[in-house]
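# Predicted model, plus sequence, below.
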Amino acid sequence: MKITLFGATGQLGSECLQQAVAAGHELTILVRSAKKISAELRSKVCVVEGDALCPEDVWRVIAADTDAVLFAIGVDKHSPPDLCTDVTRIILDALRGDCGARFIWCGGGSTFVEQDVIGFGAKFVRKFAETFMSLRHIDKEHQYLLLKSYPDIPHIGVRPLQMTQGPMRGDYRLGFDRFNGFSRISFADCAHAMLAMLENDRWLHRAPIVQY
């Protein structure tokens, strides 16, 4: 498949990048600096330097024959407010043309959706995120609301809780089961779940929790 990846230099994005290349997909990535990608990977993908907050740069990496866009941009304390939301809006507007690609995104477990089973553990996760990770929490909330306003775009999301380093197991739960502050998933398995959605419509227009 022909895939455009955003966030390729982050912990989750680098896993998406490596797994997509290993699976034989044709990848285009938008990065601020190509030097952050190893020479070996640069020889296997199309690397475009630019800014995901610049519509012209985003449109350059989403061709008419793109099959899917993977969104793995992370948020830290230095990120501008609503980074993910603003980039997502630019991408979705690009996809509203003749492209027809699906949008596969990574959200956050502190964003509740209609299908969730909300228990004490989930409420703790949300309160913790609101208090100590408010920049990320608010951004992911806004991103989810934005996606709901684009029903014409085929989008699928995953919502991880704690993401950790570790090998890809390929064995995890994906759905709307109960979750709490101890729920976790590796970056590798979160990426695996996202790539599995390339040709699977089960979760279309939904965003299940991914956890062990």
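Yep, that arrived. Numbering: from 1, shown residues only.
# Please count neighbours and contacts with C-alpha atoms only from this point.
Fine.
# Would you mark the buried spots in the lengthiest helix in the chain?
With secondary structure taken from DSSP state H, the chain has its longest helix at helix 134-148. Neighbour counts using 16 or more other CA atoms under 10 Å place 134-144, 146-147 of helix 134-148 among the buried residues.
# Pull that helix out as PDB, backbone CA atoms only.
Output in PDB follows, covering the C-alpha atoms of helix 134-148 (Å, rounded to 0.1, in the frame of the first residue of the first chain):
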ATOM      1  CA  SER A 134      -3.200  18.800  30.400                       C
ATOM      2  CA  LEU A 135      -1.500  19.900  27.200                       C
ATOM      3  CA  ARG A 136      -1.700  16.400  25.700                       C
ATOM      4  CA  HIS A 137      -5.100  15.600  27.200                       C
ATOM      5  CA  ILE A 138      -6.800  18.700  25.800                       C
ATOM      6  CA  ASP A 139      -5.200  18.300  22.400                       C
ATOM      7  CA  LYS A 140      -6.300  14.700  22.100                       C
ATOM      8  CA  GLU A 141      -9.900  15.700  23.200                       C
ATOM      9  CA  HIS A 142     -10.000  18.400  20.600                       C
ATOM     10  CA  GLN A 143      -8.600  16.000  17.900                       C
ATOM     11  CA  TYR A 144     -11.300  13.400  18.600                       C
ATOM     12  CA  LEU A 145     -14.100  16.000  18.400                       C
ATOM     13  CA  LEU A 146     -12.600  17.300  15.100                       C
ATOM     14  CA  LEU A 147     -12.600  13.800  13.600                       C
ATOM     15  CA  LYS A 148     -16.200  13.400  14.500                       C
END
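# name the helices or strands packed onto it?
Other helices and strands packing on helix 134-148, by 3 or more CA pairs under 8 Å, 6 or more residues apart in numbering; DSSP states H and E, are helix 83-95, helix 120-132.
# For Ala188, which of those helices is the nearest?
Of all the helices and strands packed on helix 134-148, it is helix 83-95 that lies closest to Ala188, at 20.5 Å by CA to CA.
# Give me the mean pLDDT for that closest one.
Averaged across helix 83-95, pLDDT comes to 97.
# and it, which residues are buried?
Quick answer for helix 83-95 (16+ other CA under 10 Å): 83-92, 94-95.
# can you pull the contacts of Arg178?
For Arg178, the contacting residues are 116-119, 121-122, by CA atoms under 8 Å, 6 or more residues apart in numbering.
# sorry, back to before: closest to Trp105 among the buried residues of helix 83-95?
For the buried residues of helix 83-95, the nearest to Trp105 is Thr88 (9.0 Å; CA to CA).
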